[in-house]
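Q: with the sequence up front, the predicted model follows.
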Amino acid sequence: MTADPSQLKKTKEWSTSNILFSMERVAGTSRLFFGSSDFKMYEIDMAAEKPEPVAFSGDGHQSYVTGVGLAADSIVSGSYDGRLIWWNAEKKEQVRAVDAHAKWIRGVFVAPDKKTVVSVADDMVAKVWDAQSGELKHTLVDHKSMTPHHYPSMLYGATFSPDGKLLATADKVGHIVIWETDSGKKVTELEAPGMYTWDPKQRRHSIGGIRSVAFSPDGNLLAAGGIGKIGNIDHLGGPSRVEVFDWKAGKRLHTLEDNKLKGLVEQICFHESGKWFLAAGGDHGGFVSFYETASGKPIKQEKAPMHVHEFAFDESFETLYTVGHGKIAVWELREKEDGPVEAPVPA
């Protein structure tokens, strides 16, 4: 059976009073590790008839848990408190805590070989860590601390290339940097200023930014997700937006905006074939949108039961797990099985 986005169907929901900002799935299972607005880390098995979250033990974080990465034998979580915490994945116990960033950690991302972790934060630096020892390997500095309108910027997104040799980071004003993972050397940069909005009248406030980046499976393309120009900055009143680049050529291939499913694109992921990708996010509601990579045309777009902050596929890409504001939702992407053909009813 092959994953088919056009057959997308939501099959299960679990509700909570908290916001779930970040999530990782344990390979080969329906078990999810997630970070919550109540400052805690949890594990939940969505295959259970009545899923029940189990909280991690230890002092933990002192604020929202906004980044979760699953390494070889440990989980690394990041928070608004600026700390990274390593946890034993099986015992759900704290192993070490590091004062990693001076400001809010926006995300934690793990390389494909599970040996390297990167954290990004509002101090505008990306830090590369040894996943096992917790040793700091590189501090990557290129993103400016202030926007063009002299307000603090934010560093939201990062991703590793499929071979782990490259790392991309992206910020509020649409600046993207690609780095060598091992050396920390800057390779190139891209710009997506259409994801940044400045309101000079009503609020004197800037909003938006690239919230997510993802390499294609062959490493040749880089997709960036965020939001287009915002009319109502208090309600994320702007179109969801994805820009796809041939990053080596510095060429933008697609600019995809959706005025029906509005809000931030919080995460992007390519199918292993590279033929399609998923962008998910939201404003006060949420959405999941599948696009053809070559044409940029939408394959399937659905409202989600909540603003989606992160998602994960299973190994076959046939099951999708989404977490966000007050809910976890499970979706299936299964092609229709051939059945018996019914005879026509006589007139």
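A: Structure's in. What do you need?

Q: can you confirm L167 is in a strand?
A: Yes. Under DSSP: H, G, I helix; E, B strand; the rest coil, L167 falls within a strand.

Q: that one reaches V128, doesn't it?
A: Yes. Using Cβ atoms under 8 Å, L167 makes contact with V128 at a distance of 7.2 Å. C-beta coordinates here come from the backbone N, C-alpha and C atoms, glycine included.

Q: which residues do the two both contact?
A: Taking Cβ atoms under 8 Å, 6 or more residues apart in numbering as the contact rule, L167 and V128 both touch V118, L140, T181.

Q: the residue lying closest to the last one once chain neighbours are set aside bridge partners, please.
A: This means T181. The spatial neighbour of T181 that comes closest, neighbours along the chain excluded (Cβ to Cβ, 6 or more residues apart in numbering), is L167 at 5.0 Å. Taking DSSP bridges as the rule, L167 bridges to F160, W179.

Q: cool, and F287?
A: Listed by DSSP bridges, the beta-bridge partners for F287 are G281, K303.

Q: count the neighbours of it for me.
A: 22 (other Cβ atoms under 10 Å).

Q: so what pLDDT did it get?
A: The model reports F287 with a pLDDT of 97.

Q: now swap in W179 and tell me
A: 98.

Q: against I268, how distant is it?
A: Separation of W179 from I268 (Cβ to Cβ, to the nearest Å) stands at 19 Å.

Q: just give me the neighbour total for G28.
A: G28 is flanked by 8 other residues according to other Cβ under 10 Å.

Q: and it, that one's in a helix?
A: No. Counting by three-state DSSP, G28 is not part of a helix but coil.

Q: give the contact list for it.
A: By Cβ under 8 Å, 6+ apart, G28 lies in contact with E315.

Q: what of P112?
A: F160, P162, D163, G164.

Q: show the pLDDT at it.
A: We note a pLDDT of 97 for P112 in this prediction.

Q: tell me how far it lies from K165.
A: 10 Å.

Q: equivalent analysis for G194, please.
A: Separation of G194 from K165 (Cβ to Cβ) stands at 29 Å.

Q: also Q7?
A: Taking Cβ to Cβ, one finds Q7 at 35 Å from K165.

Q: the more surrounded of these two?
A: With neighbours defined as other Cβ under 10 Å, Q7 and K165 compare such that K165 has more, 16 against 13.

Q: distance of the residue nearest to T181 from I105?
A: Shown here: L167 relative to I105, a distance of 16 Å by Cβ to Cβ.

Q: before we move on, what about P51?
A: Using Cβ to Cβ, one gets 27 Å for the distance from P51 to I105.

Q: quick one: which of those two has more around it?
A: Neighbour count, other Cβ under 10 Å: between P51 and I105, I105 has more, with 29 against 17.

Q: with adjacent residues omitted, what lies nearest to that one?
A: The shortest distance from I105 to any non-neighbouring residue, by Cβ to Cβ, 6+ apart, is to G78 (3.5 Å).

Q: hey, what's L222 bridged with?
A: Beta-bridge partners, per DSSP bridges, of L222: F215, F245.

Q: returning to what we had before: I'd say the residue nearest to I105 and L84 touch.
A: Yes. G78 is within contact range of L84, at 5.3 Å (criterion: Cβ under 8 Å).

Q: which stretches of this structure have low pLDDT?
A: 1, 201-206, 232-236, 336-347 (pLDDT under 70).

Q: element containing the residue nearest to the spatial centre of it?
A: Closest to where the C-alpha atoms of the chain average out (Cα atoms, centre = their mean) is Q267, at 3.2 Å. Element membership of Q267 [criterion: DSSP states H and E] is strand 264-270.

Q: now do the contacts for G282.
A: G282 is in contact with G263, L264, E266, A304, M306, H307, V308, G324, H325, counting by Cβ under 8 Å, 6+ apart.
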